[in-house]
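1. Dropping a prediction and its sequence here:
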Amino acid sequence: MNKPFSRAVLPAALALSAAATHAQTSNVTLYGTLDQYLNYMKSSSGKSLTSLNDGALMRSRLGFRGTEDLGGGLAVKFNLEHGLYADSGKQNDSTRFFDRQAWVGLATPYGEFRAGRQNSVAFVRSADIDYSARTLGSLANWYALTARYDNDLAYISPRVAGFVIEAHFAPGEQGSGSPSSKAVWQFAVDYANGPVRAGFTGVRARPAANSAVGRTIVFDNLYANYDYGQGKVYASVIRSNATTDSASGPLQGNNAGLLLGATGTLVSGAAGTATDANRFHNVVQLSADYRVSTALRVGGMVGRIYDTSNAKEGATGASLGAFYDLSKRTTLYAMGEVLSNDRNGGFVLSGSAAVLPNFEAADVNGQRLKAMQLGILHRF
C-alpha cells in the first residue's frame with residue numbers, strides 16, 4: 001500500500017467522519033468487506049493450481065459514503081471506495097487509492113446526478129443476473145465486464161411505475177479532438193414489480209480518431225429474474241465484442257483480456273490483435289437458487305458463450321454453490337465450476353477479483369477447467 005498516501009488520506013477521512021457526527025443534517029459511514037477463499041483449479045492439460053485468493057464474491061474493500069440533507073428534497077451524496085488484496089494487504093491499484101469509486105452527486109426529487117469514477121450500469125445490476133451475483137460462479141462474469149469508468153457523468157431517475165432509467169457519459173480526456181471523440185456511453189432501464197424483475201444495460205465505447213482499434217466496443221446485457229418464494233430463477237443474454245488475447249498479462253488465454261479498460265480507454269491485445277474488436281460473442285445463461293433455510297442458500301448456473309465469427313473461440317460452463325450465513329455480516333461459501341473452452345477458446349475462471357495466480361495460455365486455450373473453492377465473506 002502507498003504509505004504516504006495512506007497517512008494523508010486516512011486521518012483526513014477519520015476527521016471528516018468525526019465532524020459529521022456533530023452535524024444534524026450530515027452523516028458519513030465507514031464500511032467494507034473482507035473476502036478470502038481457498039482455491040483449487042485443474043486444467044485438462046494436466047496442470048493444477050492451489051492458492052489463497054481474495055474476492056470470490058465481493059472484492060475486499062474499504063469505503064466512505066455520506067449524505068448532507070440540504071432541505072427541500074435535495075441532498076449531496078458522495079462515495080469513496082478503496083480496493084485491496086486482503087490475502088497480502090496490498091492495494092488493488094498501485095496508481096490510485098480510491099480505485100473502486102470516487103464520486104460526488106446531487107439527489108433531487110427528479111433523480112440523482114453524479115460525477116466521478118463510478119460503477120458501470122451492468123456491474124450495478126450484477127445481483128439480478130444469476131445466483132452468484134455475477135461473481136465466481138457466473139459464466140457472464142467469466143466472459144468479463146469492465147466494472148467502472150473514470151470521468152463519468154451520470155443521471156439516475158427515481159423509480160416510476162416500476163421503472164428506473166439510468167444514463168452515463170464519460171468523455172475522452174486524452175489526446176486531441178472533441179470530448180466525444182473517445183468516450184463511453186452507458187444506458188440502463190430496470191423494471192421491478194412484485195416477484196418480477198427485468199432490464200437492459202448497454203455500453204458503447206467509441207475509439208479515438210485514427211485509433212488502431214477502429215470499431216466501437218459494445219456490451220449489451222438483457223436480464224430477467226422471478227422470485228418464486230423460496231428462491232429465484234434467472235435468465236441473461238449478452239452480446240459483446242469486448243474480449244481479446246492477453247497472453248502477456250496476468251490472465252492468460254485467447255479471451256482472457258478486455259479491449260475496454262477501466263478508464264474508458266480502448267486497448268489492444270498482447271500481440272496488437274486489435275482486430276479482436278470485430279469478433280462478437282453471444283452469452284446465454286440460465287441460473288436458479290433455493291433457500292433451504294433462513295441461513296442456507298444453494299444455487300446453480302449453466303451457460304454457453306457463442307463465437308459468432310465461427311472461429312471456435314467460445315465456451316460452455318456450469319457451476320454449483322452453497323452459502324451459509326453465520327450472521328447478517330458473515331457468510332461461509334463453497335463453490336464448484338467447470339468451464340470447457342472450444343478448440344480456440346481461451347476463457348478463464350474469475351471471481352469478483354481476478355483469480356491469481358491463473359493458468360498459462362497453454363493450459364487454457366482449448367482446455368477444460370475445473371475448480372472448487374471454500375471461503376468466508378465478512379461485511380462491516
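-> Yes, it's here.

2. Would you mind listing the buried residues in stretch 26-33?
-> By 16 or more other C-beta atoms under 10 Å, the buried positions in stretch 26-33 come out as 26, 28, 32-33. C-beta here means a position set from N, CA and C on the backbone, and glycine is covered the same way.

3. can you map out the helices along the chain?
-> 3-20, 121-124, 139-143 (DSSP state H).

4. which of the residues in the second one are buried?
-> Same thing as helix 121-124. Neighbour-count burial for helix 121-124 flags 121-122, 124 (criterion: 16+ other C-beta under 10 Å).

5. Also stretch 214-223?
-> By neighbour count on 16+ other C-beta under 10 Å, the buried set for stretch 214-223 is 215, 217-221, 223.

6. chain center to that stretch: distance?
-> From the chain centre to the centre of stretch 214-223 is a distance of 15 Å (C-alpha atoms, centre = their mean, to the nearest Å).

7. who's in contact with that stretch?
-> Here stretch 214-223 makes contact (C-beta atoms under 8 Å, 6 or more residues apart in numbering) with 122, 125, 128-129, 140, 145-146, 198-207, 234-242, 259-260, 266, 274, 277-278, 280.

8. buried subset of those residues?
-> Applying 16+ other C-beta under 10 Å to the contacts of stretch 214-223 flags 122, 125, 128-129, 140, 145-146, 198-203, 205-207, 234-242, 259-260, 266, 274, 277, 280 as buried.

9. I'd guessed residue 132 sits against residue 323; true?
-> No. Between residue 132 and residue 323 there is no contact under C-beta atoms under 8 Å: 9.0 Å.

10. More neighbours: those two, which one.
-> The neighbour count for residue 132 versus residue 323, taken as other C-beta atoms under 10 Å, is higher for residue 132 (30 against 20).

11. remind me, longest strand of the chain?
-> Assignment by DSSP state E gives strand 26-43 as the longest strand of the chain.

12. what pairs with that one, and is each one parallel or antiparallel?
-> Looking at strand 26-43 with DSSP bridges, its partner strands are strand 48-54 (antiparallel), strand 61-71 (antiparallel), strand 368-379 (antiparallel).

13. Including mean pLDDT, distance to residue 168 and mean neighbour count, could those go into TSV?
-> What follows is the strands paired with strand 26-43, written out as TSV (pLDDT from 0 to 100; distance: least, C-beta to C-beta, whole Å; neighbours: other C-beta atoms under 10 Å):
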stretch	mean pLDDT	distance to residue 168	mean neighbour count
strand 48-54	97	28	16
strand 61-71	97	19	17
strand 368-379	98	27	18
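
14. Cool, thanks, signing off.
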